[in-house]
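K.L.:
Predicted structure and sequence below. I'll ask about it afterward.
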Amino acid sequence: MITEPNMSISPVPSALQPMIVCDGLEKQFGGLRAVDHLDLVVGAGELFGFLGPNGAGKTTSIKMMTGLLRPSAGTARIGGYDIQSEPLKAKALFGYIPDNPFLYEKLTGREFIRFMADLYSVPTEGRSRKIDDLLRLFELEDKADALIQGYSRGMRQKIALAGALVHQPKVIFLDEPTVGLDPKSARLMKDVLRRLCNEGTTVFVSTHILEIAERMCDRFAIINKGKIVATGTMEELRQRSSNDPDQQRSLEDIFLELTSGTAHEDLIRYLG
């Protein structure tokens with residue numbers, strides 16, 4: 001069993017520059033504390049998995065980090081800039097793709113990326129080549145000049161990410177990035193995210209698909225009922241969650257133990 005979960009905190013590797021820093025972040029909705037004193041550091045070039053059951057506080061946390069929600073207490077900094085006191089400088093450094101991104105359906109894919117380039121003041125010199133490169137990267141060349149209203153869910157996810165990357169952000173926030181993607185597109189998405197991290201971009205991913213997270217992410221934070229209960233690499237989480245260091249427990253096993261207690265075991269016994 002995992003003991004003293006609040007003590008299972010893995011610091012960002014010392015060689016990495018901190019790019020996302022949350023210090024005592026809280027959000028209160030009336031009598032409900034949706035996020036309770038969230039402390040988190042994510043370094044440059046990390047592919048960081050942010051995991052938790054429905055209602056755990058994942059989306060609320062991301063919205064505070066990206067400036068969409070004002071925290072009740074605490075601070076969030078992106079690249080050293082406080083998202084509340086220096087929002088323009090902080091927002092210039094990141095891209096954000098929610099689980100159901102809003103897209104202008106009367107624009108073509110190419111027009112949408114160009115619109116995002118305008119928003120972020122991307123220089124016009126070399127812009128067309130950059131847009132073509134993004135369309136090619138996400139295998140959208142054939143649909144580049146078709147209206148977004150005719151795009152599938154997976155194509156919408158890809159064009160949203162292409163738009164978020166056009167200004168070459170230092171940090172990317174993604175909420176359920178593989179939802180609606182077929183296996184080939186999901187693999188493409190993972191490969192693109194890994195490539196971004198290898199080039200120094202910080203990728204912060206919230207997902208329910210634990211198998212993908214386990215294969216893709218460098219480190220994880222597991223949040224439950226508004227509190228982070230564990231952070232660390234896969235190996236660190238395994239060491240802290242088992243008396244047998246050689247037991248290769250999956251991320252799913254660790255996640256269920258931390259967030260469900262024995263409820264899932266009782267259900268298995270009942271069904272069996």
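P.N.:
Looks like it came in fine.

K.L.:
where's Arg156 relative to Arg195, distance?
P.N.:
21 Å (C-beta to C-beta, to the nearest Å). To be clear about C-beta, it is placed using only N, CA and C from the backbone, and glycine gets the same treatment.

K.L.:
what secondary structure does the residue nearest the centre of the chain sit in?
P.N.:
For the chain, the residue sitting closest to the mean C-alpha position, by C-alpha atoms, centre = their mean, is Val205 at 1.9 Å. At Val205 the chain is in strand, as set by DSSP: H, G, I helix; E, B strand; the rest coil.

K.L.:
now do Gly74
P.N.:
strand.

K.L.:
for the helix or strand where Val192 lies, which positions count as buried?
P.N.:
Element membership for Val192, per DSSP states H and E: helix 183-198. If you call a residue buried by 16 or more other C-beta atoms under 10 Å, then helix 183-198 has these buried ones: Ser185, Ala186, Leu188, Met189, Lys190, Val192, Leu193, Leu196, Cys197.

K.L.:
ok, residues contacting that helix?
P.N.:
45-47, 137-139, 154, 157-158, 161, 165, 172, 174, 177-178, 181, 203, 205, 212, 215-216, 218 (C-beta atoms under 8 Å, 6 or more residues apart in numbering).

K.L.:
what about burial for these, which qualify?
P.N.:
Neighbour counting with 16+ other C-beta under 10 Å marks 45-47, 137-138, 154, 157-158, 161, 165, 172, 174, 177-178, 181, 203, 205, 212, 216, 218 as buried within those.

K.L.:
how far out from the middle of the chain is stretch 99-115?
P.N.:
21 Å (C-alpha atoms, centre = their mean, to the nearest Å).

K.L.:
Span of that stretch from start to end?
P.N.:
Chord length of stretch 99-115, first to last residue, is 20 Å (C-alpha to C-alpha, to the nearest Å).

K.L.:
Check which residues of that stretch are buried.
P.N.:
Leu103, Leu107, Thr108, Gly109, Arg110, Glu111, Phe112, Ile113, Arg114.

K.L.:
wait, what's in contact with the third one?
P.N.:
Shown here is Thr108, whose contacts under the criterion C-beta under 8 Å, 6+ apart are Ala144, Asp145, Ala146, Leu147, Ile148.

K.L.:
Which members of those residues occur in strands, if any?
P.N.:
In strands, judged by DSSP state E, none of the contacts of Thr108 are found.

K.L.:
Buried subset of those residues as a ChimeraX selection?
P.N.:
A single ChimeraX command selects the buried members of the contacts of Thr108 (16+ other C-beta under 10 Å):
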select :144,148
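
K.L.:
okay if I get the contacts of Thr108 as a markdown table plus pLDDT?
P.N.:
What follows is the contacts of Thr108, written out as a markdown table (pLDDT from 0 to 100):
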| residue | pLDDT |
| --- | --- |
| Ala144 | 97 |
| Asp145 | 97 |
| Ala146 | 97 |
| Leu147 | 98 |
| Ile148 | 97 |
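
K.L.:
Helix or strand: which one has Pro169?
P.N.:
Per DSSP H and E, there is no helix or strand for Pro169.

K.L.:
Quick check: it touching Gly95?
P.N.:
Yes: using C-beta atoms under 8 Å, Pro169 is in contact with Gly95, at 4.4 Å.

K.L.:
Just the closest of the contacts of Thr108 to Ser72, please.
P.N.:
Ile148 (36.3 Å; C-beta to C-beta).

K.L.:
Next one: the closest one from Phe102, what distance?
P.N.:
With C-beta to C-beta as the criterion, Ile148 and Phe102 are 11 Å apart.

K.L.:
A helix includes Ile222, no?
P.N.:
No: read with three-state DSSP, Ile222 is strand and lies in no helix.

K.L.:
what's around it, how many residues?
P.N.:
26 (other C-beta atoms under 10 Å).

K.L.:
Gln84 too?
P.N.:
Burial of Gln84 is recorded as 14 neighbouring residues (other C-beta under 10 Å).
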